[in-house]
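S.K.: kindly return the folded structure for what I paste below:
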Amino acid sequence: MTTTAGTGGAGSLPRGRAEQQDYRSRVRGCLLGGAIGDALGAGIEFDSLDAIRAAHGPQGVTDYVPAYGRRGAVTDDTQMTLFTAEGLIRAQVRRDTGAWQPQADVHRAYLRWAATQRGWGPDERVRDAGWLAREEWLYARRAPGNACLGGLTDDRMGTVADPKNPGSKGCGAVMRSAPFGLLADWDAEAVFELAAECAAQTHGHPSGYLAAAAFAAIVHGVVRGEALEVSVHRTLGMLAVRPGHEETSEGLRKALIAVRQGVPTAERVQTLGEGWVAEEALSMGLYCALVAQDVRHGLLLAVNHGGDSDSTGSICGNLLGAVHGETVLPPGWLAELEGRATILELADDFAMELTHGPSPHGPDGRSAAWLARYPRA
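M.R.: I've put the predicted structure just below:
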């Protein structure tokens, strides 16, 4: 098994069959859990807590509510998360060629997502599009953020040194960044840096890209076997040396403090913010994951507030799925989830690429099919 970036920290990429199955379960859990949280919040994203309770009862929503014409519909949060994962797979594939710039591969994946927001369906004339960009259900606008759309209107790739939208710290980068944390054989610092660079492609304020990097680093820790709170503390140490970290660090600390302030309630979630900006969305989603009695409890807590419910639900679901794996996800919610088959397929491809190294696209005869799915171009 190969290592794609420096190693270090607790654990390593799984080598035995049982360990590989556990890793695949965590990858599946992270992507599916995030999508479930996204779908739970999609129908109430712009409602106040009072309006949610008036419409759905004193407990707020307890199940999917219709959004975008169906139950279980996902938003741009899940769409962009899937393209992040696809871009990372293609970066791993391109590594065999000696061309190694994963932030550029992720940027190209985000440009493919942006094309889904402009077109009616897949353009079969586009070479090297890969399979994900040909999934028709992804060609739907689900309230994408202006920074995401605006940052991807041309081919220039933003960087931390020269970011796109330098004033933007909306949650549109943090909510798509869990897949960076699934790079379990990477060094934690490398995961952090890559997530920050890719966030700066659309969100150039330090809180916009550092919150995304912190989220990825937290996911990375739990996938490698750390307790969630331990991973948060480790990430705080990584943040402390980055210029402009103060808002993101404060958001993480507020989440940790809130855990010890009493019984979790919607009102307590709302003391952490509304979730429209990156550090608040991360704080709220993390808090709900930390206090979750189970996945259902955590996700419902994460969406029942007067703010960006789909993004906080998505972040919480990514975390809980990465911690516990796919088997803890409520089967009823899985059954109705939009795009479930696509998410599972992508998750399994991601886990295969990470656990088998170059073998899916090596000289053993399987490369043609794999490279058709994940072209090197």
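S.K.: CA atoms for contacts and neighbours, from now on please.
M.R.: Will do.
S.K.: what about the helix or strand harbouring L319, average pLDDT?
M.R.: Using DSSP states H and E, L319 maps to helix 309-324. Mean pLDDT, helix 309-324: 98.
S.K.: ok, stretch 73-84 next?
M.R.: On average, stretch 73-84 scores 98.
S.K.: now swap in stretch 92-101 and tell me
M.R.: 83.
S.K.: ends of it, how far apart?
M.R.: 10 Å (CA to CA, to the nearest Å).
S.K.: ok, A196 touching G158?
M.R.: No - using CA atoms under 8 Å, A196 is not in contact with G158; the gap is 10.6 Å.
S.K.: who's more crowded, those two?
M.R.: A196 (30 against 24; other CA atoms under 10 Å).
S.K.: and the contacts of stretch 145-156?
M.R.: Around stretch 145-156, the neighbours that count as contacts under CA atoms under 8 Å, 6 or more residues apart in numbering are Y110, L111, A114, K164, N165, S168, G170, G172, A173, Q201, T202, H203.
S.K.: go again with 7 Å.
M.R.: L111, A114, K164, N165, S168, G172, Q201, T202, H203 (CA atoms under 7 Å, 6 or more residues apart in numbering).
S.K.: likewise stretch 38-48?
M.R.: 52, 63-67, 72-75, 77-78, 303, 305-311, 313-314.
S.K.: next, the buried residues of stretch 49-61.
M.R.: L49, I52, R53, G60, V61 (16 or more other CA atoms under 10 Å).
S.K.: oops, could you answer that again for stretch 85-100 instead?
M.R.: So stretch 85-100, judged by 16+ other CA under 10 Å, has buried residues A85, E86, G87, L88, I89, R90, A91, Q92, V93, R94.
S.K.: what's in contact with that stretch?
M.R.: P102, D105, V106, A109, P179, F350, E353, Y374, P375, R376.
S.K.: chain center to the helix or strand harbouring the fourth one: distance?
M.R.: Element membership for A109, per DSSP H and E: helix 102-116. Relative to the chain's own centre, helix 102-116 is displaced by 15 Å; criterion: CA atoms, centre = their mean, to the nearest Å.
S.K.: only C-alpha atoms, please: export that helix in CSV.
M.R.: In CSV, the C-alpha atoms belonging to helix 102-116 read as follows (Å, rounded to 0.1, in the frame of the first residue of the first chain):
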residue,chain,number,x,y,z
PRO,A,102,-4.3,17.4,-5.9
GLN,A,103,-5.6,20.9,-5.4
ALA,A,104,-5.8,21.3,-9.2
ASP,A,105,-7.7,18.0,-9.5
VAL,A,106,-10.2,19.1,-6.9
HIS,A,107,-10.5,22.5,-8.6
ARG,A,108,-11.4,20.7,-11.9
ALA,A,109,-13.9,18.7,-10.0
TYR,A,110,-15.5,21.8,-8.7
LEU,A,111,-15.6,23.2,-12.2
ARG,A,112,-17.5,20.1,-13.2
TRP,A,113,-20.0,20.7,-10.4
ALA,A,114,-20.4,24.3,-11.6
ALA,A,115,-21.3,23.0,-15.0
THR,A,116,-24.1,21.0,-13.5
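S.K.: packing partners of it?
M.R.: helix 76-94, helix 188-199 (3 or more CA pairs under 7 Å, 6 or more residues apart in numbering; DSSP states H and E).
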